[in-house]
Each structure stands twice: as structure tokens, then as C-alpha cells.
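just the structure for this:
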Amino acid sequence: MDKLKKEFASKLLKVKAIKLQPNDPFTWASGWKSPFYCDNRKTLSFPELRNYVKLELVHAILEQFPEADAVAGVATGAIAQGALVADEVNMPFVYVRSKPKDHGMQNLIEGQLDPKAKVVVVEDLISTGGSSLKAVEALRKNGNEIVGMVASYTYGFPIAEKAFADANVKLVTLTDYEHVVAEALETGYIKQEDVELLHEWRKDPANWKK
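Have a look, this model is predicted:
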């Protein structure tokens, strides 16, 4: 798995799906300042990489969650990848909105899902875990058993790890913060002093540079 995490970290950095700017931080939608930005949707624009992500997510599901018989993607970032994965494993696919539609049927879960289905959730990245676990909650309210979640990337924030543990959801990711930072350092993208700053940020991202 470590080999995969290193390899995928390298691929994400090459297509600039991950950007590291320790001295010119980004502002996330949450309002957090961050020297780190991840946009896995970029992988969809590169056919070879798109296929790589799809197949590695499929391998993770077949190995870790063989009992799954349906796939759910978390809107909006994981809709496309989730659909690709579901097609590859020939399972039903739905996606879960962050909030119900404000018209029509006001659906939270889009598509048709048997309440008895055992669902594996596909996510693009994990930050705090809040939106990912809201999707899990919606599926459980539908009556579904959640066998686990697969994602392309996780920041590995303690708040997220606790949230997944509390929700009793097993999370498997293709790569993570540690492997991305190590690869970025090895390739000269960042310097050692940048690594220290990045580690400071990850310890308390909500209050970093406030």
C-alpha cells in the first residue's frame, strides 16, 4: 500500500492536483488558511490518470469491502469517480447531496437504492470528514448498511480520524498527507523548512496563521 501511496502522490503533484504554497497560503471554503490545496477533480481531465484512480479505487473496494453491492458517491467531487467505479464493478450507483434539492422531490440521495443494499461510499478527499459522514448518515437513514469508504486522499487531521472512528466507518485512501509531503520534499517541490511549517499547520489547521 505504501508503494501505491507514494506513486499516486507523485502523479497528483505532476498534474498539479495538489499545490503546496507554505508562504502564500490558500483560503478554504471553511475559512481556514492552508498552505496545502488538493483538487482531485483534475485527475478526470487526464485519461490515463483517470483510469488509474478508477482501478485503484476498485482494487481497494474488492480487497477491503468485498461484501459491498452498491456504490454511493459524495457530491459533488466524487460523483464522476464514483460512477466510473460503479460501472467497473457493475453495481448500482447513487450520489448523495450535501443538502436536499429545493424543488421537485427534494431528494438527498439521487438515484435508486435498495434500502437493503450494502453500500461502499466513494469520496474524492477527506479534510474534516464532515461532509463525507453526512452522506453516510443520509444513507443509514435510508436503511443501508455502510461497509466502508474509499477516497483518493486524506489530510489525516485528528478531527477527521476521531469522526470516522465515532461513526464506525472504515476509511481506505489511495494516498495521504505524509506521502505527498515526502514526495514533494524528495522531488524538490518544497524545502525542509517548508515541511516544518506544513506540520505546524496540520496540528491545528483551524487556528493556523490567525
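
just grab the bridge partners of the residue nearest to the spatial centre of the chain for me.
What sits nearest the mean C-alpha location of the chain, by Cα atoms, centre = their mean, is residue 125, with 2.2 Å. Residues in a beta bridge with residue 125, per DSSP bridges, are residue 153.

ok, residues contacting the top helix by length along the chain?
When the chain is parsed with DSSP state H, its longest helix is helix 47-64. Identification of contacts with helix 47-64 by Cβ atoms under 8 Å, 6 or more residues apart in numbering yields 4, 8, 11, 15, 40, 43-44, 68, 71, 81, 84-85, 88-89, 120, 122, 148, 150, 152, 170, 172, 174. (C-beta placed from N, C-alpha, C; glycine too.)

helices and strands around the helix or strand following that helix, which ones?
Following helix 47-64 in sequence order, the next helix or strand is strand 70-74 (DSSP states H and E). Packed against strand 70-74 by the contact rule (3 or more Cβ pairs under 8 Å, 6 or more residues apart in numbering; DSSP states H and E) you find helix 79-89, strand 93-96, strand 118-126, helix 130-141.

quick check: angle from the longest one to strand 118-126?
Going back to what we said before, that points to helix 130-141. 170 degrees (axes from the mean of the first three to the mean of the last three Cα atoms, to 10 degrees).

tell me what angle helix 130-141 forms with strand 70-74.
140 degrees.

next, the contact list for residue 185, please.
Applying Cβ under 8 Å, 6+ apart, the residues contacting residue 185 are 191, 192, 194, 195.

closest to residue 114 among those residues?
residue 195 (47.2 Å; Cβ to Cβ).
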